[in-house]
Each structure stands twice: as C-alpha cells, then as structure tokens.
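Student: Dropping the sequence and predicted coords here.
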Amino acid sequence: MMYPRLKLARNLLKDDGVIFISIDDNEIDNLKKVCNEIFGEENLIGQVIWKNKYGAGAKTKGFIEVHEYILAYSKTPIYNIESPLNEDVKKTYSKKDSKFETRGGYFTQPIMTNSMDDRPNLQYSIWHKGVEIKPRKQWVWSKERLEKAIENDEIVFNLKKDGEYSVRAKQYLVDENGQERLGKPLSLLNGPFTQEGTADIKNIFEENIFGFTKPVNLLKYLYSFRVNEKESKDEIYLDFFSGSGTSAEAIMKQNIKDNLNRKYILIQLPEKTAEGSDSRKAGYEFITSIGKERIRRVSSKLKAEYPDKVKDLDLGFKVFKL
C-alpha cells in the first residue's frame, strides 16, 4: 500500500522538497528500507523519535510505548535544514538592551577564534576606551563588519582579571528583518502529544468526533522548516492521508503567524466513519465530510480572530472528487 504512494511522492517533490512520514514501532524498519530504495540512503535527513503521549502509553510485554517515529527524506541531497527554536532555547536569549522591544533578548558569543586558517584580512586591531585590542589569532568578522556592530551597540566588551578584554557579539532572538531566528531541528521531540490532537478537534466541533488526529502544533512545526535557507513563501504541501484535515488547519495558522502564503492539497479516500460513533451521531458519515467542515470552521474562526492578517490570505478551498 505504501510503496506506490512513496514512489509517486518522490516524483512529485521539488528537487529540494522534503517528505515527513510518521510511523509506529511495528513498521519503522520496513518503512526505512522502502524509503532507502525509493529516495536513496544519502537523502535520509533524519529519523525523529516523537514522544507523543504523556501518562500511560500502550501496554506491551516489555516497555510501555509512548513514542512514534517521523522519517524525513529529501529528493536530492540538501545542505541545510532549519526549524523554529524550542522554548528552552528561546530562554537562552535572556539578556536585554535598548533594542529589546524590536529584537527581543540576546545572548553573546565570542568573535575571536583560534581554529580558522590564517586570514590576514581578519588580523587587525580595534580600540575600546583608548585601549588597543588585538585578537589572540584573528577575528571571525571583517573589520568593516565588526566596526559597524560596535557602532550599533551590538558588541559587548568585558575587562577580565588579567587586564585583557573579552569581545563578544550579541545574538538577538529577532533578526534585522523582524523574523525570529531559526535553529537546527532535534532528533527527539518531546510532544506535542496526541491528547492535544483530541483537544484540537473538540475545540472545533465541541465534541470528539474523530480519533487519533495529529496535533496541529506538530504539523505547524514541520511545515515551518526552512530548506537550503530559502523561505517557503508560497510552496505547496501535500498530505496523502489527511484524515480530519489537520494539515489544512496547521498551514492556515502558520501562514498567519509568519505572513506567508503556503498552499495545501489534502487527499483522503471517502471512507465511512464507524457505525454508532460520535461522528455519525454528529451527522458526518464520511471522513471527507469531517475534513471539509473542519476547514470551513477554522477559516471562519481565523477571519474573526485575525481580520487584519487574513485579508490578504485565501482561506477558501476547492474539492475534487476522483
């Protein structure tokens, strides 16, 4: 069942496109073998362990399972992938200065280095309070860039006990263009949890009419990745197993957050919901009808909550029955 879909997915991907596949412990080994054949081992970006439950997980003979996996592959080798910073990393941007309102907090990092190859253009002196400061080996920045940073109050000088100055650059949470900095994704995700996916559905329909949905925040996180340092302004995101339409909600909300215009294509077979389920009781006989109604309700809610931000976004959708 998966092989032809993965084969098609590879053909549809852009050259620097990425596919994310969530899978449990039962099929991770088989899935990885299939993906290595279709995408190539060299295009495995990462195998993420996603802790998706808190409290008691599934009972087994041995360990209690509280995680799944997310495999990430690309069509061709990529040289860089970046993701939003998690809350723990954001806390390291704890220092404040006069730019805090626009640039957020900052931390400092050294701009002297002992590890780079000798580069004469990085070996120069700077002055601070009448004192000449020379690098132990060389600076990591050009003289022009360092002097501009000093002028903009983005360099911190600390006088050490031995009489030498420590020279460190401020790294702000928000860059000069007003965008929050990105970091590198980790191979371990502690949440969002499946319980949040259940809450997402209940917030929309006021009852749990669809089980085992992915949390919106998980998909928002994955859809906000930046590949090869290119901003995904109007990319297309394809979900082969869209279920209740979580991907649509995630993309619409992420577009509002970062003012982009991603588009989505959701695929779902018109499977009937279970007899006697909350879905049937609420009048939804097919999974596809739940997805369509979810998009309608989320769109209306976003228009009411963010009237200024959504005026330039297309929150409508079309349905094609094949």
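Tutor: That came through, no problem. Numbering: from 1, shown residues only.

Student: what pairs with K95 across the strands?
Tutor: K95 has these beta-bridge partners by DSSP bridges: Y106.

Student: How about K272?
Tutor: Going by DSSP bridges, K272 forms beta bridges with F286.

Student: host element of the residue most central in space within the chain?
Tutor: When the chain is reduced to its mean C-alpha position, the closest residue under CA atoms, centre = their mean turns out to be Y221, at 3.3 Å. Assigned by DSSP states H and E, Y221 belongs to helix 216-223.

Student: OK, contacts around the residue located most distally from the centre of the chain?
Tutor: Residue farthest from the centre of the chain, counting by CA atoms, centre = their mean, is G130 at 46.0 Å. Not one residue lies near G130 by CB atoms under 8 Å, 6 or more residues apart in numbering. The way it works is simple: take the backbone N, C-alpha and C, and place the C-beta from them, glycine included.

Student: phi, psi of it?
Tutor: Taking degrees, to the nearest 10, you get phi 80, psi 0 for the backbone angles of G130.

Student: next one: L260
Tutor: The phi/psi pair for L260 (degrees, to the nearest 10) reads phi -110, psi -180.

Student: just H67 next, same as before
Tutor: phi -150, psi 160.

Student: List the contacts of it.
Tutor: The neighbours of H67, taking CB under 8 Å, 6+ apart as the test, are D25, I49, W50, K51, N52, K53, G57.

Student: redo that, cut-off 10 Å
Tutor: Shown in contact with H67 (CB atoms under 10 Å, 6 or more residues apart in numbering): D24, D25, V48, I49, W50, K51, N52, K53, G57, L188, L189, N190.

Student: ok, now G178?
Tutor: T102, R103, N259.

Student: So which of the residues you listed wins on neighbours?
Tutor: Using other CB atoms under 10 Å as the neighbour criterion, R103 leads those with 19 neighbours.

Student: okay, the closest residue in space to F210 that isn't next to it in sequence: pLDDT?
Tutor: Here the nearest residue to F210 in space, its sequence neighbours aside, is S244; by CB to CB, 6 or more residues apart in numbering that works out to 4.3 Å. What the model reports as pLDDT for S244 is 95.

Student: Just to check, S244 is in contact with L219?
Tutor: No: judged on CB atoms under 10 Å, S244 makes no contact with L219 at a distance of 11.9 Å.
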